[in-house]
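[1] Structure here, sequence nowhere to be found:
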């Protein structure tokens, strides 16, 4: 049986956590930079015409942008 892994965002502060042990995605301290990265991701997806049609689960995940 192949169990599907839940999809979620990850964000690591590589200066304070170079081994990526603590996902800081929900940490309010990083909210602004995470939003900037999401905006940049969305702009790149438009630029490269990445519609997520092949992977609809990514479309759902990126819908939070």
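    Nice, I can see it. What you see is a predicted model, and the numbers here were worked out from it, not measured in a lab.
[2] Show me what counts as buried in the helix or strand that contains residue 31.
    Assigned by DSSP states H and E, residue 31 belongs to helix 31-47. Using 16 or more other C-beta atoms under 10 Å as the test for burial, helix 31-47 gives 34, 45. All C-beta spots, glycine's among them, are computed from the backbone N, C-alpha and C.
[3] As a check, name the ranges of all strands in the protein.
    Read by DSSP state E, the chain holds no strands at all.
[4] ok, residues contacting the helix or strand of it with the lowest mean pLDDT?
    Lowest on mean pLDDT, DSSP states H and E among the helices and strands of the chain sits helix 56-62, with a mean of 71. With contacts defined as C-beta atoms under 8 Å, 6 or more residues apart in numbering, helix 56-62 is touched by 7-9, 41-42, 45, 51-53.
[5] Including pLDDT, could the residues you listed go into TSV?
    Formatted as TSV, the contacts of helix 56-62 follow (pLDDT from 0 to 100):
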residue	pLDDT
7	73
8	84
9	91
41	90
42	88
45	88
51	79
52	76
53	79
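[6] Adding distance to residue 62, write the residues you listed out as CSV.
    Shown next, in CSV, are the contacts of helix 56-62 (distance: C-beta to C-beta, whole Å):
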residue, distance to residue 62
7, 10
8, 12
9, 10
41, 7
42, 7
45, 7
51, 10
52, 7
53, 12
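[7] returning to that earlier point: report all helices and strands that the helix holding residue 31 contacts.
    Under the contact definition 3 or more C-beta pairs under 8 Å, 6 or more residues apart in numbering; DSSP states H and E, helix 31-47 sits against helix 56-62.
[8] returning to what we had before: what comes up buried for the least confident helix or strand of the chain?
    For helix 56-62, a neighbour-count test (16+ other C-beta under 10 Å) marks residue 62 as buried.
[9] Distance from the chain centre to it, please.
    10 Å (C-alpha atoms, centre = their mean, to the nearest Å).
[10] For the protein, which residue occupies the most central location?
    Residue closest to the average C-alpha location in the chain (C-alpha atoms, centre = their mean): residue 9, at 4.1 Å.
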